[in-house]
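Chemist: Just to be clear, the model below is a prediction. Sequence and coordinates:
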Amino acid sequence: MTAPRLVAVDIGNSTTKLGWFGVSAAGLPVPEQVHSFPTGSSPEESLAAELPRETLVWQISSVHREGTRLLTEWIAAQRPQEQVRLLTYRDLPIRIDVEFPENVGLDRLAAAVAANVLRDAGRPAIVVGAGSAITVNQISADGVFEGGAILPGYKMQADALYSGADLLPLAKLAPDAEPPRPVGRNTEAAIKSGLFWGAVGAVGELVRQMSAQLPMPPQVFVTGGDLRQLAAQLGGEARFVPHLVLSGIAVANGQARGE
């Protein structure tokens, strides 16, 4: 009997991403297709038509309770016969060495699960992710999630400047745009420079500080739409990997099925 196809779901504070996966292959699972919509709203009507017709199993990683409620209600209405599983840290195949593992964002842990598939055996890794927040997380040489750092993401910083200063405009950084010039020639350009190059500096320094405490240079994996251009600025072996969280959920699902 054919196992149900997987829909991996990453419900973040601003965006919900769904990725569906086909037959497992060697290496890191990669979603066949990804659909995203704003967290806190119900899925668009187009999602029902995009999803595969065969039976699906849903594995959900969430950091947003209202987003979880809306999506699970939508699934119950649209595809009531399908299995939905809300993941906890105990469902992810990774050792966690932090004070309160139950409080770690599942997106951070799922990305670390995927990085454990990608990294060289016996070598530590650092995983950088971007959403509402930018996270920089450390994985030991034997694959243990050891914690990391969290700082505001681009949009959060831009919103803070806009709401906290009377005359500053709301600046937006497009993920695919070229890095802004360091010296902005107008106020909006200056804010974009600060957002982007400030993140480069912060992430670069965190990677440097973490690397100095590790027994050997780590591999660096970068994920999240807002950081596509940042990976190239980190130098060394920094590698951008799209949809690392969704792939980590798929790894966990494969382990649960004994694959």
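Modeler: Looks like it arrived, so ask away. Numbering: from 1, shown residues only.

Chemist: When you work out contacts or count neighbours from here on, use the C-alpha atoms and nothing else.
Modeler: Fine.

Chemist: So which residues make contact with stretch 127-136?
Modeler: Stretch 127-136 has contacts (C-alpha atoms under 8 Å, 6 or more residues apart in numbering) with 12-15, 108, 111-112, 115, 126, 137-139, 148-156, 203, 206-207, 220-227.

Chemist: Show me just the buried residues among the residues you listed.
Modeler: Buried subset of those (neighbour count, 16 or more other C-alpha atoms under 10 Å): 12-13, 15, 108, 111-112, 115, 126, 137-139, 148, 151-155, 203, 206-207, 220-227.

Chemist: Return the subset of the residues you listed lying in helices.
Modeler: Counting by DSSP state H, the part of the buried ones among the contacts of stretch 127-136 found in helices is 108, 111, 112, 115, 154, 155, 203, 206, 207.

Chemist: Hmm, residue 126 and the last one touching each other?
Modeler: Yes - when contacts are counted by C-alpha atoms under 8 Å, residue 207 is listed as touching residue 126 (7.2 Å).

Chemist: May I have the residues that are in contact with residue 183?
Modeler: Residue 183 neighbours (C-alpha under 8 Å, 6+ apart): 189, 190, 193.

Chemist: Same question for residue 17.
Modeler: Contacts for residue 17 (C-alpha under 8 Å, 6+ apart) come out as 9, 10, 11, 34, 35, 36, 37.

Chemist: Hmm, residue 6 and residue 60 touching each other?
Modeler: No - with contacts counted by C-alpha under 8 Å, residue 60 stays clear of residue 6, the gap being 10.5 Å.

Chemist: Mind pulling the model confidence for the residue nearest to residue 247 when sequence neighbours are not counted?
Modeler: Closest residue in space to residue 247, ignoring its immediate chain neighbours: residue 29 at 5.5 Å, by C-alpha to C-alpha, 6 or more residues apart in numbering. With respect to pLDDT, residue 29 scores 93.

Chemist: For residue 29, grab the count of nearby residues.
Modeler: The tally of other residues near residue 29 (other C-alpha atoms under 10 Å) stands at 21.

Chemist: doesn't it fall inside a helix?
Modeler: No - applying DSSP: H, G, I helix; E, B strand; the rest coil, one finds residue 29 to be coil, outside a helix.

Chemist: Just the CA atoms of stretch 66-85, as CSV, please.
Modeler: C-alpha atoms of stretch 66-85 as CSV (Å, rounded to 0.1, in the frame of the first residue of the first chain):
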residue,chain,number,x,y,z
GLU,A,66,-4.1,31.6,15.5
GLY,A,67,-2.5,30.6,12.2
THR,A,68,-2.6,27.0,13.3
ARG,A,69,-6.3,27.2,14.2
LEU,A,70,-7.2,28.8,10.8
LEU,A,71,-5.3,26.2,8.8
THR,A,72,-6.5,23.2,10.7
GLU,A,73,-10.1,24.4,10.3
TRP,A,74,-9.5,24.8,6.6
ILE,A,75,-8.1,21.3,6.3
ALA,A,76,-11.0,19.8,8.3
ALA,A,77,-13.4,21.5,5.9
GLN,A,78,-11.6,20.9,2.6
ARG,A,79,-10.0,17.5,3.2
PRO,A,80,-11.7,16.0,6.3
GLN,A,81,-10.3,12.4,5.9
GLU,A,82,-6.7,13.4,6.0
GLN,A,83,-4.3,13.1,9.0
VAL,A,84,-3.1,16.3,10.6
ARG,A,85,-0.2,16.3,13.1
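
Chemist: Any buried residues in it, and which?
Modeler: For stretch 66-85, burial by neighbour count (16+ other C-alpha under 10 Å) applies to 67, 68, 71, 72, 75, 84.

Chemist: quick one: contacts of it?
Modeler: Outside stretch 66-85, the residues that reach it (C-alpha under 8 Å, 6+ apart) are 11, 16, 39-43, 48, 55-60, 62.
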